[in-house]
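> sharing a model prediction with you, sequence too.
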Amino acid sequence: MTAVGPLHVTLKVAARCNLNCGYCYVYNKADQSWRDQPAVMSDAVVRATAERLRSHCERSEQPTLRLVFHGGEPMLVGVRRFDRWCRMLRDGLEDLVEVKFTVQTNGMLVDDDWTETFLRHRVVVGVSVDGPPEIHDAFRVDHSGRGSYAAVRSGIECLTAAGLPVSVLSVAQFGVDPVRTYRHLAGLGACQIEFLLPDHTHDSIPAVRARFGPTPGADFLIPIFDDWWSSGTMDLRLGPFVAISRAILGGPCEVDFIGNNPLGYLFVEPDGSIEGLDVLRVCGPGLAATGRNVLTDDFSDVAAASPMHRTFVFEGPPLPSGCRACPEQKTCAGGYIPHRYAAGRGFDNPSAWCPDLLKTFTHIRNRLGVGHQETTLRRQALTELAASTRGPAR
């Protein structure tokens, strides 16, 4: 069995990182498979990826292809190699599909050469920052334990000075003032901030709640939402709140941390191995692996190789049985897949962050003034409108 739905790919071009963040799911969790990877992806793997993607896009007929450069730290590959790979991917794909590049970086290595390359290839840049220096430097340190904030801020300033829009990715840190964190990040000049709840499963979350209380995630997110809401502007988008609000208002879910749509993306490791959602590493060794490689296999072959990844990537995960009576079963729908995991029970569980998600959804509902029945009616109306716009099937 194969699957040929629309697909986007993250290229994990470097298996090493110049930082050693304590919460990192790649280097500091149970799955240590990064040690078996070459430090940097080869031209042969990039070329094979382009060929496999071309074959897939010919069959899926998707109009757009999103390619994310990730790691490790992707900028460790060097600016010349990165430029060559962008040209290689464009040359192999752009006559067939619109290619959109993104890079997710810690920002430590940004300079004028990198900035010019990002501009040339229209690369959207995401930079990881966890807050003001004292917060960021407590978690995002180099291999000698030194903080990285000063270098990261310098990198962001280099990007924004050149007119490049920057999206900030920030992992929620508990026990700090969330509004101060948000306002500091907003002051960096980013166009968007994505706040992420830390990656925990049902096996690791009890220790977090024992230390920070029953709903530390919601207690971090809700004050930020209120501060953003009171600003009265969408000039700065806060990703999780936009997504949650859209779901409450009946719109489509276009993110992976809520909803049960097919993920629609795969990862390619430096040696060419194809992985499903790589954050599944937090659940245990080997769960992200599919047993397929771009040097020998098509992306659609993942469906036959791994029923689990076929479900997650191409079909969409089922609603966890514990969510069936929840009023947010159509909006939250169980939360982010890795956070559902529990040893012995697998993924058939609500998110480990369930109390936090429910509290956050309830708060945003109250701000919007939209009840659950209205969400259902809005979704039905939007579905009917979309169907009428498409016209009759031929």
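Sure, I can see it.

> what's the offset of the helix or strand containing residue 302 from the middle of its chain?
Assigned by DSSP states H and E, residue 302 belongs to helix 302-305. Its chain's C-alpha centre and that of helix 302-305 lie 22 Å apart, by Cα atoms, centre = their mean, to the nearest Å.

> can you give me the buried ones in it?
By neighbour count on 16 or more other Cβ atoms under 10 Å, the buried set for helix 302-305 is 302-303, 305. For glycine as for every other residue, the C-beta is placed from the backbone atoms N, C-alpha and C.

> ok, those vs residue 127, which is closest?
residue 302 (30.2 Å; Cβ to Cβ).

> skipping adjacent residues, who's closest to the closest one in space?
residue 290 (4.8 Å; Cβ to Cβ, 6 or more residues apart in numbering).

> so the one you found lies in a strand, does it not?
Yes: assessed by DSSP: H, G, I helix; E, B strand; the rest coil, residue 290 belongs to a strand.

> thinking again about what came up before, of the buried residues of helix 302-305, closest to residue 236?
Of the buried residues of helix 302-305, the one sitting nearest to residue 236 (Cβ to Cβ) turns out to be residue 302, at 36.8 Å.

> show me which residues of stretch 338-354 are buried.
Counting neighbours by 16+ other Cβ under 10 Å, one finds that the buried residues in stretch 338-354 are 338-341, 347-354.

> make CSV from these and add secondary structure, pLDDT and distance to residue 217 to it.
Output for those, formatted as CSV (DSSP: H, G, I helix; E, B strand; the rest coil; pLDDT from 0 to 100; distance: Cβ to Cβ, whole Å):
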residue, secondary structure, pLDDT, distance to residue 217
338, helix, 98, 15
339, helix, 98, 10
340, helix, 98, 15
341, coil, 98, 17
347, coil, 98, 19
348, coil, 98, 21
349, coil, 98, 16
350, coil, 98, 13
351, coil, 99, 10
352, coil, 99, 10
353, coil, 99, 5
354, helix, 99, 10
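
> just flag the most distant two among those residues.
348 and 353 (16.3 Å).

> assign the residue positioned nearest the centre of the chain to one of the three secondary structure states.
The centre of the chain sits closest to residue 256, judged by Cα atoms, centre = their mean, with a distance of 7.2 Å. Here residue 256 is recorded as coil under three-state DSSP.

> wait, what's in contact with it?
Counting by Cβ atoms under 8 Å, 6 or more residues apart in numbering, residue 256 makes contact with 263, 277, 336-337.

> save those as CSV, and put in secondary structure too.
CSV is the format used below for those (three-state DSSP):
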residue, secondary structure
263, coil
277, coil
336, coil
337, helix
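
> just send the residues you listed back as JSON lines, with distance to residue 319, pLDDT and neighbour count too.
Putting those into JSON lines (distance: Cβ to Cβ, whole Å; pLDDT from 0 to 100; neighbours: other Cβ atoms under 10 Å) gives the following:
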{"residue": "263", "distance to residue 319": "15", "pLDDT": "93", "neighbour count": "20"}
{"residue": "277", "distance to residue 319": "18", "pLDDT": "94", "neighbour count": "21"}
{"residue": "336", "distance to residue 319": "14", "pLDDT": "98", "neighbour count": "22"}
{"residue": "337", "distance to residue 319": "12", "pLDDT": "98", "neighbour count": "22"}
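
> farthest pair within these?
Using Cβ to Cβ, the two most remote members of the contacts of residue 256 are 263 and 336, lying 10.4 Å apart.

> quick one: stretch 359-375 to chain centroid distance?
For stretch 359-375, the distance to the chain centre is 24 Å (Cα atoms, centre = their mean).

> what mean pLDDT does it get?
The average pLDDT within stretch 359-375 is 98.

> buried residues in that stretch?
Here stretch 359-375 shows 359-361, 363-365, 370, 375 as buried, counting by 16+ other Cβ under 10 Å.

> and of the residues you listed, the nearest to residue 152?
Relative to residue 152, the closest of the buried residues of stretch 359-375 is residue 360; by Cβ to Cβ it sits at 27.5 Å.

> tell me which helix or strand the closest one sits in.
Residue 360 belongs to helix 354-368, assigned by DSSP H and E.

> equivalent analysis for residue 91, please.
Going by DSSP H and E, residue 91 is part of helix 79-93.

> buried residues in that helix?
Quick answer for helix 79-93 (16+ other Cβ under 10 Å): 79, 81-83, 85-86, 89-90, 92-93.
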